[in-house]
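Sequence and predicted structure are below.
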Amino acid sequence: MSTSFSIPDVSDPMSRHPKAPAPGEPFRLHHNLCHGCGDDAPGGLHVTVYAGEGFATTAEMTVEKWMMGGPGVIHGGVLTAAFDEVLGTTPLIIGTPVVTGHLQVDFRKPIPIGTTLHFNAEVVAKERRKVFVRATAHLGDPTEIVASASAIFIEIDLKEHFGKYADSASLSRP
Ligand SMILES: CCCCCCCC/C=C\CCCCCCCC(=O)SCCNC(=O)CCNC(=O)[C@H](O)C(C)(C)COP(=O)(O)OP(=O)(O)OC[C@H]1O[C@@H](n2cnc3c(N)ncnc32)[C@H](O)[C@@H]1OP(=O)(O)O
C-alpha cells in the first residue's frame, strides 16, 4: 500500500470520547516499554501527550544529546519517531486506537540539542478506519514552526492486532 496525505472532502462524524482526558490532562502510557512514551523504554523518547480542546493535543520533548544527528542538532529519524508518538496518540481523543499507515514530515529548521520541542496536533478527519492527523512543532514561539507532520493512522482492534506479539514476556522490563 502506497499513498499520500490527502484529507477527504467530507469526514465521518467525530466526537470527543467521553473518557478522553480533560484538556491539560495527560494520556496514559501505551505501555511501559513503548519507545515513544514508556517509562521503562531503554533509550526511549519519554514523550507525554496532553489532551487539548476539541480534537487537539499538545506534547513536549527535551532534545537530548543522544538524539543528535548532524553536529549539535536533532536526528531526523528521532524527530520522526516523536511525531509518530504525538500523532499516534492524538486519535485516542476520539477513542480510536490506531497504528501508523502513512507518515510524512517536513523538516523546516535545524533543531538544536538542549532545546525543548513543543508539539501541537489535531485529528482533522476520519474516513472509515482512516484517521487523518496533523502536527506542528516549535521551540517556544508558536509562530516559528521548526517542523510539521501529517499522517494517516488506521484504526485497529488492539487484541486482534497485537495479541500474537504482546505476550507477557515481550511487555516485561528488559
Ligand atoms: C493484547 C495486547 C494489548 C496491548 C495494548 C497496548 C496499548 C497500545 C495502544 C496503542 C498502540 C498505538 C501506538 C501509537 C504510537 C505509535 C504508532 C506506531 O508506531 S504503530 C507501528 C507502525 N505501524 C505499523 O506497524 C502498521 C503496519 N501495518 C499494518 O498492520 C496494516 O497494514 C494496517 C493495520 C495498517 C492496515 O491493514 P488492514 O488489513 O487492517 O486494513 P486494510 O483493509 O488494508 O486498510 C484499511 C483502510 O486503511 C487504508 N490503509 C491501509 N494501509 C494504509 C497506508 N499505509 N497508508 C494509507 N492508508 C492505508 C486502506 O486503504 C483502507 O482504506 P479504505 O477504507 O479502503 O479507504
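Right, received. Where do you want to start? Residues are numbered from 1 along each chain as shown.

hey, let's count contacts and neighbours off CA atoms from now on
OK.

give me every residue that touches the nearest residue to Met68 once chain neighbours are set aside.
In this structure, Met68 finds its nearest non-sequential neighbour in Ile74, 4.6 Å apart by C-alpha to C-alpha, 6 or more residues apart in numbering. When contacts are counted by C-alpha atoms under 8 Å, 6 or more residues apart in numbering, Ile74 touches Val63, Met67, Met68, Pro110, Ile111, Pro112, Ile113.

Now do the helices in this protein.
76-89, 158-162 (DSSP state H).

Just the CA trace of the shortest one, in CSV.
Once side chains and other backbone atoms are set aside, the C-alpha atoms of helix 158-162 remain, and they are given as CSV (Å, rounded to 0.1, in the frame of the first residue of the first chain):
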residue,chain,number,x,y,z
LEU,A,158,-5.9,-3.9,19.9
LYS,A,159,-6.2,-7.5,20.8
GLU,A,160,-6.5,-8.7,17.2
HIS,A,161,-3.6,-6.6,16.1
PHE,A,162,-1.1,-7.1,18.9
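
ok, it near the ligand or not?
Yes. Helix 158-162 lies within reach of the ligand by C-alpha under 6 Å from any ligand atom, at Leu158, Lys159, Phe162.

Apart from its neighbours in sequence, what residue is nearest the residue nearest the centre of the chain?
Using C-alpha atoms, centre = their mean, the residue of the chain that lies closest to the mean C-alpha position is Val86, 1.9 Å off. In space, Val86 comes closest to Val49 once its chain neighbours are excluded; the distance is 6.3 Å by C-alpha to C-alpha, 6+ apart.

how about the residues of this structure near the ligand?
Proximity of the chain to the ligand, by C-alpha under 6 Å from any ligand atom, involves residues 1-3, 30-31, 84-85, 88-89, 97-102, 128-130, 152, 154, 158-159, 162-163, 166.
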